[in-house]
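Colleague: quick one, fold the following:
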Amino acid sequence: MKIEQEKIQLKTFKTLAHSNGGTVYLPSGLSSFELSPLQFSYLEVLKNGTSLEGLVHFFLGQGWLVSFRELFALMQFLVTERLLTNTTIIDYFKKYNSNEAPMVFSSLEVMQGTAVKPNPAELPFFRNLDLRLAQHLLQQSEKFVVPPNIRLTHAGTQLRDMFILLKGSAAIYKVLSETRRQMVATLHAGALFGERGFLLNQPRNADVVTTAPSEVLRVRHLPEFDQLIKSDKAQSLQHRFLVMQALLSSPFFKDLPTDSLDALIFTGKLVQAPAHQVLFQEGQKGNTCYILIQGSVVVSKNQKPINVLNQGSCFGEISLLMSGGVRTATVSTQLASIFLEIQQNDFYKMLSQNLILAKEIETLAAERLSKDAQRR
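Modeller: Here you go, the predicted model:
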C-alpha cells in the first residue's frame, strides 16, 4: 500500500486553534509549535484517522484545493516531533530526508531469471494493447525473485528493457552525485518502469532499488521493436508513444513514476486545435489542465504576450493548484496543436497518491506564477 493511502495514526496531544492557525503542545508538555491555518486544518482532519489521499479528496469535495507544500511541511513536522506512529510513513520521510546512497548489495544484471509467458490482460501497459502485439512484445520475458536492496535500474545507463513490479515494493532514487541519492517516489505491485528506454531509447533517469522481497518481470527489448512500435500494426501504441515523448520532456512530469503517468495518459483526453485558437481566457473559471503534445501556444496577460510554450509544457495547472480555479492568463495556439486534456479530479487523484511529487509540481507552478508576474 502506498503511504498516501495509509490511515494516519497519531499519538495523543493537545491542540489549540487561534486566528493565525493553531498551537500543538507536545505530549511531554515541555514545548509547543505553531502551525499555519492550512496546516492546522489538515491536522484536524488527520486526527480522525484519514489517509493523506482521503484528506485531499475530502477538501476537494468541499470545494477547497489542498496546498501540497503545506501538507508536506505538516507531515515533516509530525515525523520530526515523533507524533506519528505509522512506521512505513516514518521510514519514507527518513529516506526522503537522507541524501546518503541506499545500501545496494547487487544489481539485477547478475541475477538469474526464469523465462515466462505472462498473460497481457494481467499486466499494466500491455492490457491496453492489441493482444497479438502485446504477446509479441512479451515474447522474451523473465521473472526474477529479488530480495531487498537490489538495484533494478541504474541511472545513466542506456539499457532498453522494461520492468513490471509483480510483488513487493521499490524506491525511485534521483542521483545527486556518486555517493548521494534522494528518494522521490515509491513503487508498489503493478508499477511499470523503464518505459522511456523501451519506447524512446532514452537513458535511465533514476536508480530503482527494491525495498522489500519482490517479484519483477523483465520485458526484454529486441531490435525489431523500434520499427514495430512506429508501424501501422501498432496503432494502439501511437497514443502512448506520442504522449510519453511529451511527458518526458516536461519539467513537471519527467520524473514521475510510470504508474503515475498511466493515470494521466489513460484518463486524459487528446484534443486538437488549429492555429490562433483561444483555449481559455484570463479570469475565467477552469477545471482542466493541459500538456502540449505537439505545436506551440502563446501565454498572454492583460492582452500582452508574455511567454511561448512548446512540446512537453504543462499549462492550466496554476488554476488547479494556486489560484482557486481562476485562469491567471490567456492561452492561445500559435500553431496547430495537440494537447492532453486532464480533468481536475484525475489530476488531483494522481497528486494525492504521490505527495513528494505533488509538492514539487506545486513548487514549479508557484515559480511559473512568479515568473509570469515579472514578465508583465
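Colleague: helix or strand next in line after the one helix or strand in the chain whose mean pLDDT sits lowest, which one?
Modeller: Sorted by mean pLDDT, DSSP states H and E, the helices and strands of the chain end with helix 258-267, the least confident at a mean of 64. As assigned by DSSP states H and E, the chain's next helix or strand after helix 258-267 is strand 269-273.
Colleague: show me what the longest helix anywhere in the chain is packed against.
Modeller: The helix spanning the most residues in the chain, taking DSSP state H as the definition, is helix 355-374. Applying 3 or more C-beta pairs under 8 Å, 6 or more residues apart in numbering; DSSP states H and E, one finds that helix 355-374 makes contact with helix 68-80, strand 181-188, helix 317-321, helix 344-352. Every residue, glycine included, has its C-beta placed from N, CA and C.
Colleague: dump the ones you listed to CSV, plus mean neighbour count.
Modeller: Conversion of these to CSV gives the following (neighbours: other C-beta atoms under 10 Å):
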stretch, mean neighbour count
helix 68-80, 19
strand 181-188, 22
helix 317-321, 23
helix 344-352, 20
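Colleague: who wins for proximity to Lys95 among those?
Modeller: Closest to Lys95 of the helices and strands packed on helix 355-374 is strand 181-188 (C-beta to C-beta; 4.5 Å).
Colleague: now do the helix or strand just after the closest one: which elements does it pack against?
Modeller: On the C-terminal side of strand 181-188, the nearest following helix or strand under DSSP H and E is strand 192-193. Contacts of strand 192-193 with other secondary structure elements, assessed using 3+ C-beta pairs under 8 Å, 6+ apart, are made with strand 162-167, helix 258-267.
Colleague: who touches stretch 29-46?
Modeller: 8, 10, 15, 17, 20-26, 52, 55, 58-59, 66-67, 70-71, 73-74, 77-78, 81 (C-beta atoms under 8 Å, 6 or more residues apart in numbering).
Colleague: mark which of the residues you listed are buried, thanks.
Modeller: Among those, those that count as buried by neighbour count (16 or more other C-beta atoms under 10 Å) are 8, 21-22, 24, 52, 55, 58-59, 66-67, 70-71, 73-74, 77-78, 81.
Colleague: Gly54 sits in which helix or strand?
Modeller: Using DSSP H and E, the secondary-structure element containing Gly54 is helix 52-61.
Colleague: now do the nearest residue to Val278 once chain neighbours are set aside against Pro118, distance only.
Modeller: The shortest distance from Val278 to any non-neighbouring residue, by C-beta to C-beta, 6 or more residues apart in numbering, is to Ser332 (4.6 Å). Shown here: Ser332 relative to Pro118, a distance of 46 Å by C-beta to C-beta, to the nearest Å.
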